[in-house]
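1. The following block contains a protein sequence and its predicted model.
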Amino acid sequence: LNAHYLENAQGSPEPTSGLVETTDAEVHKVIELIYNHAQRRPKESLMVITASMRHAHRIEVALDEAAARRSDLATWLGRETGEPFTVLTLDQASAESRDRVIFSLGYGRTPHGRLLSEFGSLSRYGGDRLLAVVLTRARRSIDLVTCFRPDEIDPARLEYGALALHEILAGTE
């Protein structure tokens with residue numbers, strides 16, 4: 001497990017949930033990791049897993065834009081293979097596996113620098129099972145991309161998969 005911690009990554013709270021579900025910094029880092037994978041390990045399969053549908057969509061849009069600028073990336077994305085590149089949410093990933101996985105949490109700080117203790121489906125009953133799914137989808141390695149370090153969150157405010165994620169992040173420090 002390789003952890004990528006992004007500093008000063010902030011976003012705007014989503015109007016209905018109040019959560020900061022995706023940040024530009026995290027989207028850009030994921031695109032960079034995808035591009036590096038395509039350049040360095042083109043024969044290995046890759047999947048991105050996110051904790052929210054909104055974040056998955058933003059990654060797909062940014063990847064389409066990057067592929068329009070980089071023909072080598074577009075070629076890699078369009079290649080015929082038994083395990084094509086895909087971007088999935090935690091809920092969608094249970095039946096898939098790849099050589100390598102990028103797990104982009106997709107939750108960040110508010111514009112005021114506040115980090116909320118809510119991480120979507122990871123914070124609910126069954127979230128620990130969803131996290132276990134993510135951690136077992138890669139045959140070779142997992143890159144975890146997040147906008148916060150474990151010491152920035154009070155574990156007493158976490159439950160289920162969010163608490164397990166905190167423990168995993170603490171183990172990577």
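-> Cool, the structure landed. Residues are numbered from 1 along each chain as shown.
2. Off-centre distance for stretch 109-118?
-> Chain-centre distance of stretch 109-118: 17 Å, with Cα atoms, centre = their mean, to the nearest Å.
3. Quick one: residues in contact with that stretch.
-> Outside stretch 109-118, the residues that touch it by Cβ atoms under 8 Å, 6 or more residues apart in numbering are 9-13, 17-20, 23, 107-108, 123, 147-148, 152-154, 157-158, 162. C-betas here are computed from N, CA, C, even on glycine.
4. Likewise for stretch 164-173?
-> Under Cβ under 8 Å, 6+ apart, the answer for stretch 164-173 is 1, 3, 105, 119, 122, 127-128, 131, 135, 144, 146, 149-151, 153, 155, 158.
5. try 6 Å
-> 3, 128, 131, 150, 153, 155, 158 (Cβ atoms under 6 Å, 6 or more residues apart in numbering).
6. In this structure, mark out all the helices, start to finish.
-> Taking DSSP state H, the helices of the chain run over residues 24-40, 53-69, 71-78, 127-135, 160-172.
7. coming back round to it: just the buried ones from the contacts of stretch 164-173?
-> Buried subset of those (neighbour count, 16 or more other Cβ atoms under 10 Å): 3, 128, 131, 150, 153, 158.
8. Which pair of the residues you listed spans the longest distance?
-> Of all pairs drawn from those, the greatest distance, 19.0 Å, lies between 3 and 128 (Cβ to Cβ).
9. Please name the bridge partners of the residue nearest the centre of the chain.
-> Using Cα atoms, centre = their mean, the residue of the chain that lies closest to the mean C-alpha position is residue 104, 1.0 Å off. On the basis of DSSP bridges, residue 104 is bridged to residue 50, residue 145.
10. Any figure for the gap between it and residue 128?
-> Note on residue 104: its distance to residue 128, by Cβ to Cβ, to the nearest Å, is 19 Å.
11. again with residue 139
-> 22 Å.
12. just to revisit the earlier point, TSV for the contacts of stretch 164-173, including pLDDT?
-> Listed next are those as TSV, based on pLDDT from 0 to 100:
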residue	pLDDT
3	90
128	94
131	95
150	87
153	84
155	90
158	92
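13. now these in TSV, with distance to residue 69?
-> TSV is the format used below for those (distance: Cβ to Cβ, whole Å):
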residue	distance to residue 69
3	28
128	39
131	34
150	35
153	36
155	41
158	39
